[in-house]
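In: Model the following, please.
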Amino acid sequence: MSQSDNYESVVSSAKSEVAKFDDDDKGLVGRFHHALHTTPALVPLIVLLAAVAIFGLVLGSKFFSPFALTLILQQVQIVGIVAAAQSLVILTAGIDLSVGAIAVISSVIMGQFTFRYGLPPTVAVICGLAVGTAIGALNGFLIARMKLPPFIVTLGMWQIVLAANFLYSANETIRSQDIAENAPLLQLLGAKFNIGGAVFTVGVVFLVVLVLVLAYVLKHTAWGRHVYAVGDDPEAAALSGVNVNMMLISVYALAGLICAFAGWALIGRIGSVSPTSGQLLNIESITAVVIGGISLFGGRGSIMGTFFGALIVGVFTLGLRLAGADAQWTFLLIGALIIAAVAVDQWIRKVAA
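Out: Predicted coordinates for the structure are as follows:
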C-alpha cells in the first residue's frame with residue numbers, strides 16, 4: 001500500500017469515527033428532536049399521558065372511572081370544536097379572535113329564528129350554520145383581498161359580532177324547558193348515551209369525527225397541503241401555483257362553519273340559548289392550539305395535537321377539582337404549559353434551521 005493510500009485510509013477511518021460519534025449523539029437528542037419535528041402531536045400526547053398517570057395515581061378510582069374520563073370529553077367538546085377551527089387559521093400563520101363570538105351568535109340565530117319567527121328548527125339550524133360561514137368568509141376576504149392583519153380584522157369582527165349578538169337577541173335567554181318541548185333538534189348535540197358506564201354525548205362524537213376528518217384532509221389532500229404551504233411561506237406557495245387568496249378565504253370560511261357547529265353544540269351543552277355564553281372560547285381555543293403544538297408562526301402542527309391540548313386542559317381541570325385544589329392552580333399550570341409549549345416550538349425551529 002502506498003503512502004497516499006495509507007493517508008486516505010486513515011482520513012476515511014477518522015471520518016467514519018466522527019460520523020459514528022455524531023450518530024451516537026443524535027441517538028439521544030437529535031432523534032428526539034427529529035421525532036418532535038416530524039410529529040408535532042408527540043409532545044402534547046406525552047404531557048396528556050403523564051397528566052392522566054399522575055392524577056390516576058393520586059386520585060385512584062375516583063379519577064380512573066369511566067364516568068370521570070368521559071366527563072372530561074363532555075367538558076372539552078365545545079372548546080375542542082372551536083379549537084379545531086382556530087387550528088386551521090393558525091396553520092396559515094393567522095389568528096381568529098372572533099371564533100367565540102361566531103359560535104354564540106350562530107346559536108342565538110338558531111334559537112331566535114325558531115322561537116321569534118316560527119321557522120322549523122332544521123331551517124333555523126341551517127341559517128345559523130350559514131351565518132357562521134359567512135362571517136368567517138368575510139374575515140378571510142378582508143385578510144386576503146384587503147391585505148389587513150388577521151389580528152386586527154378578527155379583533156374588530158369580535159367586537160362587531162358580540163355587539164350584534166346582544167342587540168339582535170335583546171339579551172334574551174331562551175329557556176331549556178321551552179327548547180326541549182318545542183325544538184329538541186336544537187339540543188341534539190347534547191343528547192347523551194351510555195356505553196359500559198361511560199356517558200357520551202352526540203357533541204363528543206361530532207368532535208372526534210371532526211378531528212379525524214380534518215386530520216385526514218390536512219395530510220392527504222391537496223387543499224390540506226396548501227394550508228401548510230401558505231402558512232410556511234405564502235410567496236413560495238403562490239409561485240408554486242397555489243391561489244393564496246382563495247385558500248385564506250376558504251380556511252376562514254370553514255373555520256366560521258365549524259364555530260357555528262360549536263354554537264349548536266353549545267345549546268346542547270347548556271340546554272338553553274344564551275347570548276352571554278361562551279365568553280372565554282377565544283382564549284380557551286388558542287390555549288388548546290398552543291399546548292397542542294401548533295406553531296403560532298404557521299406551517300407546522302396537527303389537529304390531533306390540538307385535540308390532545310384540549311384534553312390536557314380538561315384533565316388538569318377535573319383532576320385538580322377532584323383533588324379539592326383551588327381553581328387558581330388550574331390557571332397557573334395551564335399558563336406554565338402555554339409558555340413551555342411556545343419554548344419547545346422555538347427550540348424545534350431553531351435546531352431545524
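
In: Show the pLDDT at residue 168.
Out: At residue 168, the model reports a pLDDT of 94.

In: List the contacts of the helix or strand hosting it.
Out: Per DSSP states H and E: residue 168 is located in helix 150-169. If you take Cβ atoms under 8 Å, 6 or more residues apart in numbering as the criterion, helix 150-169 is touched by 89, 94-98, 100-102, 104-105, 108-109, 112, 135, 138-139, 142-143, 275, 282. Using the backbone N, CA and C atoms, a C-beta is placed for each residue, glycine as well.

In: redo that, cut-off 7 Å
Out: Residues outside helix 150-169 that contact it (Cβ atoms under 7 Å, 6 or more residues apart in numbering) are 94-98, 101-102, 104-105, 108, 112, 135, 139, 142-143, 275, 282.

In: Tell me how many other residues crowd residue 325.
Out: 13 (other Cβ atoms under 10 Å).

In: In contact with the residue nearest the centre of the chain, which residues?
Out: In the chain, the residue lying closest to the centroid (Cα atoms, centre = their mean) is residue 83, at 2.7 Å. Contacts for residue 83 (Cβ under 7 Å, 6+ apart) come out as 285, 288, 289, 306, 310.

In: per-residue confidence at it?
Out: For residue 83, pLDDT reads 97.

In: The helix or strand it falls within: which residues count as buried?
Out: Residue 83 belongs to helix 66-91 when assigned by DSSP H and E. For helix 66-91, a neighbour-count test (16 or more other Cβ atoms under 10 Å) marks 68-70, 72-91 as buried.

In: per-residue confidence averaged over stretch 278-291?
Out: 90.

In: residues in contact with that stretch?
Out: Under Cβ under 7 Å, 6+ apart, the answer for stretch 278-291 is 44, 78-80, 82-83, 86-87, 90, 97, 99-100, 103-104, 158, 266, 296, 306, 309-310, 312-313, 334, 337-338, 341-342.

In: how about a cut-off of 8 Å?
Out: 44, 47, 76, 78-80, 82-83, 85-87, 90, 95, 97-101, 103-104, 107, 158, 262-263, 266, 296, 301, 306, 309-310, 312-313, 334, 337-338, 341-342.

In: now stretch 227-245
Out: 88, 90-93, 144-145, 218, 226, 247-248, 251, 297-300.

In: Show the end-to-end separation of it, please.
Out: Using Cα to Cα, to the nearest Å, the end-to-end distance of stretch 227-245 comes to 11 Å.

In: quick one: that stretch to chain centroid distance?
Out: Here stretch 227-245 is found 22 Å from its chain centre; the criterion is Cα atoms, centre = their mean, to the nearest Å.

In: Could you do stretch 189-198 as well?
Out: With Cα atoms, centre = their mean as the basis, the mean position of stretch 189-198 lies at 23 Å from the chain mean.

In: what is the mean pLDDT for that stretch?
Out: Averaged across stretch 189-198, pLDDT comes to 88.

In: likewise stretch 218-237?
Out: Here the average pLDDT along stretch 218-237 is 95.

In: Now do the buried residues in that stretch.
Out: In stretch 218-237, counting by 16+ other Cβ under 10 Å, buried: 218, 224, 226, 227, 228, 229, 230, 231, 232, 234, 237.

In: helix/strand/coil for the first one?
Out: Pointing back at residue 218 there. Classification of residue 218 using DSSP: H, G, I helix; E, B strand; the rest coil returns helix.

In: tell me the contacts of it?
Out: Applying Cβ under 8 Å, 6+ apart, the residues near residue 218 are 91, 224, 225, 227, 228, 302, 303.

In: Tell me which of these fall in strands.
Out: Of the positions in these, not one sits in strands, assigned by DSSP state E.

In: Show me which pair in the contacts of stretch 227-245 is furthest apart.
Out: Greatest spatial distance in the contacts of stretch 227-245: 145 and 300, 26.0 Å, computed using Cβ to Cβ.

In: isn't there a strand covering residue 193?
Out: Yes: counting by three-state DSSP, one finds residue 193 located in a strand.

In: Give me the nearest residue to it, chain neighbours excluded.
Out: Closest residue to residue 193 apart from its sequence neighbours, by Cβ to Cβ, 6 or more residues apart in numbering: residue 200 at 5.8 Å.

In: could you give the mean pLDDT of stretch 87-102?
Out: 96.

In: quick one: the closest residue to residue 198 other than its chain neighbours and residue 57, what's the gap?
Out: If you skip the residues right next to it in sequence, residue 198 has residue 66 as its closest partner in space, 3.9 Å away by Cβ to Cβ, 6+ apart. The spacing between residue 66 and residue 57, counted by Cβ to Cβ, to the nearest Å, is 18 Å.

In: Also residue 98?
Out: From residue 98 to residue 57 the distance is 41 Å (Cβ to Cβ).

In: higher neighbour count, these two?
Out: More crowded of residue 98 and residue 57, by other Cβ under 10 Å: residue 98, with 28 against 10.

In: Surely that one touches residue 139?
Out: Yes: in this structure residue 98 lies within contact range of residue 139 using Cβ atoms under 8 Å: 6.6 Å.
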